[in-house]
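Novice: model the structure of this input:
(one chain, ligands or ions: 1)
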Amino acid sequence: MKHTAIYPGSFDPLTNGHMDILERAAQMFEKIIVTVAVNNKKTAVFSGEERVELIRQAIQGKEWEHKIEIEQFTGLLINFAREKEVNVLLRGVRQISDFEYEFRMALTNRRLAPEIDTVFLMPDEQLTFISATIVKEVAAWGGDLSSFVPDHVAKALHEKFT
Ligand code: PNS
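Specialist: I've put the predicted structure just below:
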């Protein structure tokens, strides 16, 4: 039985799409370690600590809150997974265009760590167009973020971009 999964990502910032995946995963696993990558060479708007805090606030009060741990990590994901003794990675796939990159990443991880597999989940179809990159673009121009991210994330984004 696979009781624990790692849900890795940049989460810069957390979106409604991430929350949808997390909610689905919480029905399938006993514990999920949301793993915030702080070393992936992308210039981040939010620090690792800020991203962790935004996720923490988003899950507050959820029925499945007790299943979630949030951690930052630096380095190779498989090393983090091995350290935690977890061999399931979760990734959300929104569209076919995501799949090529996800497929390469999953197979690279499997080559590096054959005991670790990646499980792909699809978000609600209404959320498939949402990405943290697009959300930041809308935020940079002062657009309405209410249908893309939780309210406290929208507030944090507007603060960053003003
Ligand atoms: O939310 P993102 O930016 O699509 O997440 C990508 C992430 C952080 C999961 C990926 O870049 C990652 O795992 N980075 C850590 C380095 C690593 O282990 N890469 C996997 C080999 S391809």
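
Novice: for the ligand, what are the nearby residues on the protein?
Specialist: 8, 9, 10, 37, 40, 76, 77, 105, 108, 109 (Cβ under 6 Å from any ligand atom). C-betas here are computed from N, CA, C, even on glycine.

Novice: tell me which helix or strand comes right after the longest helix that the chain contains.
Specialist: Looking across the chain with DSSP state H, the single longest helix is helix 96-112. Next helix or strand after helix 96-112 toward the C-terminus (DSSP states H and E): strand 117-121.

Novice: and that following strand, which residues are buried?
Specialist: 118, 121 (16 or more other Cβ atoms under 10 Å).

Novice: which helices and strands sit right next to that strand?
Specialist: If contacts are counted by 3 or more Cβ pairs under 8 Å, 6 or more residues apart in numbering; DSSP states H and E, strand 117-121 sits against helix 16-26, strand 88-92, helix 96-112.

Novice: out of these, nearest to residue 82?
Specialist: helix 96-112 (9.9 Å; Cβ to Cβ).

Novice: that older thread, what mean pLDDT does the longest helix of the chain get?
Specialist: For helix 96-112, mean pLDDT is 96.

Novice: contacts made by that helix with the rest, please.
Specialist: The set of residues external to helix 96-112 that reach it, using Cβ atoms under 8 Å, 6 or more residues apart in numbering, is 76, 77, 78, 89, 91, 93, 116, 117, 118, 120.

Novice: how far out from the middle of the chain is that helix?
Specialist: Computed by Cα atoms, centre = their mean, to the nearest Å, the chain-centroid distance of helix 96-112 equals 16 Å.

Novice: all helices for the chain, in order.
Specialist: 16-26, 48-59, 77-84, 96-112, 132-140, 151-160.

Novice: of these, which approaches residue 4 most closely?
Specialist: helix 77-84 (7.6 Å).

Novice: other SSEs contacting that closest one?
Specialist: Using 3+ Cβ pairs under 8 Å, 6+ apart: helix 77-84 touches strand 4-9, strand 31-37, helix 96-112.

Novice: show me what counts as buried in the last one.
Specialist: Neighbour-count burial for helix 96-112, counted by 16+ other Cβ under 10 Å, picks out 98, 102, 106, 109.
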